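A.B. asks: coords below, sequence missing:
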């Protein structure tokens, strides 16, 4: 099972633990000797603590090691982590933890070998081993590791698109009667009989010529209107969508669990209600 650093598994782990930060705690032996500080925590896929990454002090070999969580006792009020039976030889013989190291099954077994009791009778089987096999290394004591969750409600805002309508753009044809006026010309022949100006004048018979048949031709024209229809662009219409932004505010009542601490016996509490000695 892969292991994860605490902040990678839960970026808001401080809120999860009510503001407590295990990475800010110093590591002490039961005798009160400081041997380093907690640099980080390795958790499994379920968020269970499996190892504390301990940065040992400079006078204690000055290297980082992995400490199985079951060997520690976390005391948040005292801002300390106590470890049972951590010896100088164990720190000296522990595998040094480096940031780029891959903590696989074989690496973990090297760590367990340092802290495992010779009388445990545990035989490591790579394919069948699990953390429940060694509660002495990975079990969380109820008195030493009281872990519980405080829940709170939050308003989560999401959004989704719904169809609120549609616009259909089409065309239809309207008809009307149009009138246009065109002036036209028509020719006609006007024949008038008038009194001759030389009426009664003698005409020489030798000059007189009588004619039969057509003596004149006059062509008569008239204009006729030619009406036809042509189509022209009257107007252009552009259709497009625009997005308008709006902010919708919602409110609701949310709940949050707070911690109530009742004490019994002769305990000294600081101004925050924390005990000044002993385990949580």
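C.D. replies: Looks like it came in fine. Just so you know, these numbers come straight off a predicted model, no measurement behind them.
A.B. asks: Could you measure from the nearest residue to residue 251 once chain neighbours are set aside over to residue 252?
C.D. replies: Excluding the flanking residues, the one nearest residue 251 by C-beta to C-beta, 6 or more residues apart in numbering is residue 155, at 7.8 Å. Glycine gets a C-beta too; all of them are placed from N, C-alpha and C. Computed as C-beta to C-beta, to the nearest Å, the residue 155 to residue 252 distance reads 6 Å.
A.B. asks: Show me which of the two is the more surrounded one.
C.D. replies: residue 155 (9 against 6; other C-beta atoms under 10 Å).
A.B. asks: Give me the three-state assignment for residue 90.
C.D. replies: Using DSSP: H, G, I helix; E, B strand; the rest coil, the secondary structure recorded for residue 90 is helix.
A.B. asks: which ones are touching it?
C.D. replies: 114, 115 (C-beta atoms under 8 Å, 6 or more residues apart in numbering).
A.B. asks: run the last query once more with 10 Å
C.D. replies: 65, 67, 71, 83, 114, 115 (C-beta atoms under 10 Å, 6 or more residues apart in numbering).
A.B. asks: where's it relative to residue 154, distance?
C.D. replies: Residue 90 is 44 Å from residue 154, by C-beta to C-beta.
A.B. asks: for the stretch 151-280 of the chain, what spans make up the helices?
C.D. replies: Applying DSSP state H, counting those that start in this stretch to the stretch 151-280 of the chain gives no helices.
A.B. asks: again, but for the stretch 1-150 of the chain
C.D. replies: 6-9, 13-16, 88-93, 105-115, 135-138.
A.B. asks: roughly how far out does the second one sit from the chain middle?
C.D. replies: Put simply, helix 13-16 sits 22 Å off its chain's centre (C-alpha atoms, centre = their mean, to the nearest Å).
A.B. asks: which residues touch that helix?
C.D. replies: 6-7, 10, 20-24, 41, 43, 47, 147, 149-150, 152.
A.B. asks: Those, buried ones only, as a ChimeraX selection?
C.D. replies: Buried residues among the contacts of helix 13-16 (16 or more other C-beta atoms under 10 Å), as a ChimeraX selection:
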select :6,20,22,23,41,43
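A.B. asks: Contacts only, for residue 80.
C.D. replies: Neighbours of residue 80 in contact, by C-beta under 10 Å, 6+ apart: 25, 26, 27, 28, 32, 34, 37, 38, 73, 74, 279.
A.B. asks: rewinding a little: may I see the helices of the stretch 1-150 of the chain organised as JSON lines, with mean pLDDT added?
C.D. replies: Formatted as JSON lines, the helices of the stretch 1-150 of the chain follow (pLDDT from 0 to 100):
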{"stretch": "helix 6-9", "mean pLDDT": "85"}
{"stretch": "helix 13-16", "mean pLDDT": "78"}
{"stretch": "helix 88-93", "mean pLDDT": "77"}
{"stretch": "helix 105-115", "mean pLDDT": "88"}
{"stretch": "helix 135-138", "mean pLDDT": "85"}
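A.B. asks: For those, could you give me TSV that also reports distance to residue 160?
C.D. replies: As requested, those are exported to TSV (distance: least, C-beta to C-beta, whole Å):
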stretch	distance to residue 160
helix 6-9	30
helix 13-16	29
helix 88-93	57
helix 105-115	45
helix 135-138	45
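A.B. asks: Ok, which of the ones you listed comes nearest residue 164?
C.D. replies: helix 13-16 (38.9 Å; C-beta to C-beta).
A.B. asks: in that closest one, what counts as buried?
C.D. replies: 13, 14.
A.B. asks: Next: stretch 98-112.
C.D. replies: 103, 108, 111, 112.
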